[in-house]
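> Quick check, what structure comes out for this input:
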Amino acid sequence: MNHAIPADDLPADLAALCARITPRGAEAQPALAARLRHRIDHLTKPLGALGRLESLMLQIGLLQGREHPALRAPQLLVFAADHGIAAQGVSAYPQAVTAQMVANMRGGGAAINVLARQHGLAWTLVDAGIASAPPAGPDLVDARLGAGSDDAATGPALGRERALEGLRRGAALVAARPGNAVVLGEMGIANTSAAALLLAALAGTPLDQAVGRGTGLDDAGLAHKRAVLQRALDRVGVAPGRFSPVQALAEFGGFEIAMMAGAMLQAAAEHRLVLVDGFIAGAAALVARGLAPSLAEACVFGHRGAEAGHAAMLQALGAEPLLDLGLRLGEGSGAALAWPLVASAVELLAGMASFDSAGVSGPSET
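Alright, predicted model coming up:
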């Protein structure tokens, strides 16, 4: 995984945003970490009995800089965009499905609509660059960077300026919203191709490990997809694993990936929790963490999906997901399903009694 690129490789505004993302972990706040661990260890339960929830308690307390963290006004943002590489036949579904699914979301009929309603997540749908612009309306934020990205197999998907503008627009969308937690998802035909290319470019993961069936390719389709993505990598002439984050985003990314990366940067700069969805959102996290390594301390990874490259993506990020349900839906659905676990961790820390306050005997000393 690349380290952060030099600040002077970014425009001043984005460099300043990245500079705000400073370490928040136990090494940066040892006294707070000790107090949080003491509180967690002295809740009325056996030591470590809440498993992963205890590490979430510690992470969120350190992120917010307090012993009694709280989650408020969680924001779910779903970014939709099309990808020019779809013209190469890398998806089992036609590009028109992006706009059709966006219409379904606007009508409240998608899985993510149901989950957002169930879990009380404030939901925002963003047109980051759908090929056919949907009708305007209060239920859709227009942040379009174009009518879909260009074909990464034949030239840069975004180019540097649109990649940087995507980071800015994603950051602005988070900055304009309340709360201290963001849940990020996406929709876009052929976006698993973009994510696989970013994984190869930034982490050096071989394409045979990074590329999966996406929306359901057969064996011949999968072989064709790998060949197309290999041409895209070969076109640039930079060794996998040697790309800078902005360079990889410019060559292979998508508008929704750029905006999710910007949203992550803004959220981390504001000490908001970032709940990351699946393979595509993971690619955005690779880009964002490459620009600001301490961003990792703000991120919780909702799930491990069925897409072949997702396990490799999580490994590259050093991430342990909360769920493993075999999902391959996108939309932010895996992150939304994980949200109650995150919320429960915070509520347990806030609401459980300690051994002392409850008059319960703690573990015997030997």
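
> For the residue nearest to Glu320 when sequence neighbours are not counted, give me its contacts.
In space, and not counting its chain neighbours, Glu320 is closest to Phe301: 7.1 Å by CB to CB, 6 or more residues apart in numbering. All C-beta spots, glycine's among them, are computed from the backbone N, C-alpha and C. By CB atoms under 8 Å, 6 or more residues apart in numbering, the residues touching Phe301 are Val276, Gly282, Leu314, Leu317, Ala319, Glu320, Pro321, Leu322.

> Once you drop chain neighbours, what's closest to the fifth one?
Leaving aside its sequence neighbours, Ala319 sits nearest to Phe301 (CB to CB, 6+ apart; 4.3 Å).

> Can you pull the phi/psi pair for the one you found?
phi -100, psi 120 (degrees, to the nearest 10).

> Specify the beta-bridge partners of it.
When assigned by DSSP bridges, Phe301 has beta-bridge partners Val276.

> what does Glu186 give?
Counting by DSSP bridges, the residues bridging with Glu186 are Phe79.

> just the buried members of the contacts of Phe301?
Val276, Gly282, Leu314, Leu317, Ala319, Pro321, Leu322 (16 or more other CB atoms under 10 Å).

> could you give me the average pLDDT of the helix or strand where the second one lies?
I take that to be Gly282. Assigned by DSSP states H and E, Gly282 belongs to helix 279-291. Helix 279-291 shows a mean pLDDT of 98.

> Quick check: buried residues in that helix?
Buried residues in helix 279-291, counted by 16+ other CB under 10 Å: 279-291.

> Packing partners of that helix?
When contacts are defined as 3 or more CB pairs under 8 Å, 6 or more residues apart in numbering; DSSP states H and E, helix 279-291 packs onto strand 181-187, helix 191-203, helix 245-252, helix 255-269, strand 273-276, strand 299-301, helix 308-317.

> can these go into JSON lines with extra columns for mean pLDDT and distance to Thr98?
Shown next, in JSON lines, are those (pLDDT from 0 to 100; distance: least, CB to CB, whole Å):
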{"stretch": "strand 181-187", "mean pLDDT": "97", "distance to Thr98": "6"}
{"stretch": "helix 191-203", "mean pLDDT": "97", "distance to Thr98": "9"}
{"stretch": "helix 245-252", "mean pLDDT": "97", "distance to Thr98": "18"}
{"stretch": "helix 255-269", "mean pLDDT": "98", "distance to Thr98": "10"}
{"stretch": "strand 273-276", "mean pLDDT": "98", "distance to Thr98": "21"}
{"stretch": "strand 299-301", "mean pLDDT": "98", "distance to Thr98": "25"}
{"stretch": "helix 308-317", "mean pLDDT": "96", "distance to Thr98": "20"}
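
> Format the contacts of Phe301 as a markdown table; extra columns: distance to Ala147.
Listed next are those as a markdown table, based on distance: CB to CB, whole Å:
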| residue | distance to Ala147 |
| --- | --- |
| Val276 | 27 |
| Gly282 | 26 |
| Leu314 | 32 |
| Leu317 | 31 |
| Ala319 | 33 |
| Glu320 | 38 |
| Pro321 | 34 |
| Leu322 | 36 |
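
> Just give me the closest of those to Ser244.
Among the contacts of Phe301, Leu317 lies closest to Ser244 (CB to CB), at 17.2 Å.

> wait, what's in contact with the closest one?
Counted by CB under 8 Å, 6+ apart, Leu317 has contacts Met1, Gly282, Ala285, Leu286, Arg289, Ala296, Cys299, Phe301.

> so who does the fourth one touch?
So the one you mean is Leu286. By CB under 8 Å, 6+ apart, Leu286 lies in contact with Met1, Leu198, Leu199, Leu202, Ala203, Pro245, Met313, Ala316, Leu317.

> Going by distance to Gly170, which of the residues you listed wins?
For the contacts of Leu286, the nearest to Gly170 is Pro245 (13.9 Å; CB to CB).

> What is the neighbour count of that closest one?
By other CB atoms under 10 Å, 27 other residues sit near Pro245.

> That one and Ala267: what is the separation?
17 Å (CB to CB, to the nearest Å).
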